[in-house]
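> This is a predicted model, with the sequence first.
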Amino acid sequence: MIVDSGGGSADGETDDSSSDDDSSAEDIYDVGKDTSLETNAAGAVYISYYNDTTRDLKFARSVGSGGNCGWGPSAGLWQCETVDSAGSVGKFTSLALDQEGKAHISYYDEGNKRLKHAWQVASGGNCGGGKWKCEVVDSSYKVGKYSSIDIGADGYPKIAYEDEKNHDLRYACKGPGGWDISVIDTAGDVGEDVSLAIGNDGRPRIAYHNDDEDSLYFAMKYAVCGIPQGTWITQLVDGSYRVGEDNSLALDSRDNPCISYHDEENGNLKVACWESQPPDLGLTCPYGEGIRWQTYADYQARELSVDYLITNQAAAAVYDLTITDVPVSNGAVTVLNSLPASVAPELGPGAGANYTVRFHVPMGITSFSTNTYATVRDEAGGVYFYPCRPPGP
């Protein structure tokens, strides 16, 4: 199926091949490069792409009937529009839909060598005939190729892309205050063939190619977007020779990554999936003074402190150790801590972290029982519950 042919074939003759089921979105001149596709919950198809003849960013969506493009049997089934025509723009497109079903596109401004972002609006836009807003994300020189966009749980776009001038991998995260730009990896010539996915936890994961080593890397962030000093962990996925280009990243329900990619040396398609090994946590109580009234004032206020030591008994580091819930058997006893509570950003093998839970124990109660629930993440970002997922929603 032809979606956009630009209005007709180059020689003005009818294209009989349009009867095939391969539908083209644009048929005028040279259109359809650097495509990215998404579908919404209703099954509608959205495509961003580059018009190499006019050097514009374009967008097509399936409409069923009454559209302005399509060819042969697909005539009128698509609505095609120019999003950005300010100079030579529209290469390296990446498309994502937000929670309202509005399209967001990251793309390269080749004329000014910078990264741009366009998104649909009801009215009042500054591009695309007022139906789109276009903005510069990163105005540094020669940045924005190989962009990959996704929408976070906060509704804002996140983009991974190449810094061609410095041969680095960059990440741009939009929030209420605008765009926050960070450099993820500077080791060698990195940042080409980028694929971004936002996990259920809101954290980004990125697959990318190291051109110096001809190898595939994976990066994920263990800090929320926009927080200074947020750290990234980068991992070598496949160190074989001449691998990692044309990669695509997806996450399973536990945020474990799978990456498909090209093995150029052997002419093969390869896939790498994280084989999760559940971390092994140990929880002991008491440590130090254990169960106690810290001060006489605490005794008078009936605020009891219980000290815990949480150790990583696995052979690999764990991350984001968080106490999520401390249910108590006696309903009269309450937990005073604000939960969930972050305990340690990272625990190496054999390392431990201390955490004190404070309870309000009314006069007359001599005993009660409690459980402590925690979560950690492995190197790939998979989340694990200890001792199990806590009760409740």
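Received the coordinates, thanks. Numbering: from 1, shown residues only.
> On the three-state scheme, Asn240 is what?
Not quite, residue 240 is Ser, not Asn. With DSSP: H, G, I helix; E, B strand; the rest coil as the basis, Ser240 sits in coil.
> Quick check: it touching Asn268?
No - Ser240 is not in contact with Asn268 according to C-beta atoms under 8 Å; the separation is 10.1 Å. Every C-beta, even on glycine, is put in place using the N, C-alpha and C of the backbone.
> Who has more neighbours out of those two?
The neighbour count for Ser240 versus Asn268, taken as other C-beta atoms under 10 Å, is higher for Ser240 (15 against 10).
> In contact with that one, which residues?
Residues near Ser240 by C-beta atoms under 8 Å, 6 or more residues apart in numbering: Ser215, Asp263, Glu265.
> Could you identify the buried members of those residues?
In terms of neighbour count (16 or more other C-beta atoms under 10 Å), the buried residues within those are Ser215, Asp263.
> for the contacts of Ser240, which one is nearest Phe59?
Nearest to Phe59, judged by C-beta to C-beta, of these is Asp263 at 33.3 Å.
> Hmm, Arg242 and that closest one touching each other?
Yes - using C-beta under 8 Å, Asp263 is in contact with Arg242, at 7.2 Å.
> just the helices in this protein please.
296-301 (DSSP state H).
> Does Arg377 have any beta-bridge partners, and if so which?
Applying DSSP bridges to Arg377 yields these beta-bridge partners: Tyr319, Val383.
> contacting residues for it?
Contacts of Arg377 by C-beta under 8 Å, 6+ apart are Asp201, Tyr222, Val318, Tyr319, Asp320, Val383, Tyr384.
> Is Val183 in contact with His167, as I believe?
No - assessed by C-beta under 8 Å, Val183 is found out of contact with His167, at 11.1 Å.
> neighbour-wise, which of those two wins?
Neighbour comparison, Val183 and His167: the larger count goes to His167, with 18 against 13 (by other C-beta under 10 Å).
> how long is stretch 45-59 end to end?
Start-to-end span of stretch 45-59 (C-alpha to C-alpha, to the nearest Å) is 11 Å.
> what comes up buried for it?
45-52, 54, 56-59.
> Name the nearest of those residues relative to Lys116.
Checking those against Lys116 by C-beta to C-beta gives Leu57 as the nearest, at 8.3 Å.
> Show me what Tyr107 is bridged to.
Lys116.
> Quick one, grab the pLDDT at it.
pLDDT recorded at Tyr107 is 98.
> same thing with the one 4 residues further on?
Among the per-residue scores, Gly111 shows a pLDDT of 95.
> Which parts of the stretch 1-150 of the chain are strands?
With DSSP state E, counting those that start in this stretch as the criterion, the stretch 1-150 of the chain has strands at 2-4, 24-26, 31-39, 45-51, 56-62, 78-84, 89-97, 103-109, 114-120, 132-138, 143-151.
> And this structure, what are its domain boundaries?
Here the domain parsing of the chain from automatic domain parsing is 2-273, 281-386.
> Of these, flag the one that's most buried.
Burial of the domains of the chain is given as mean neighbour count (mean count of other C-beta atoms under 10 Å); domain 2-273 ranks first at a mean of 18.
> quick one: Asp280 from Asp320, how far?
From Asp280 across to Asp320, the span is 16 Å (C-beta to C-beta, to the nearest Å).
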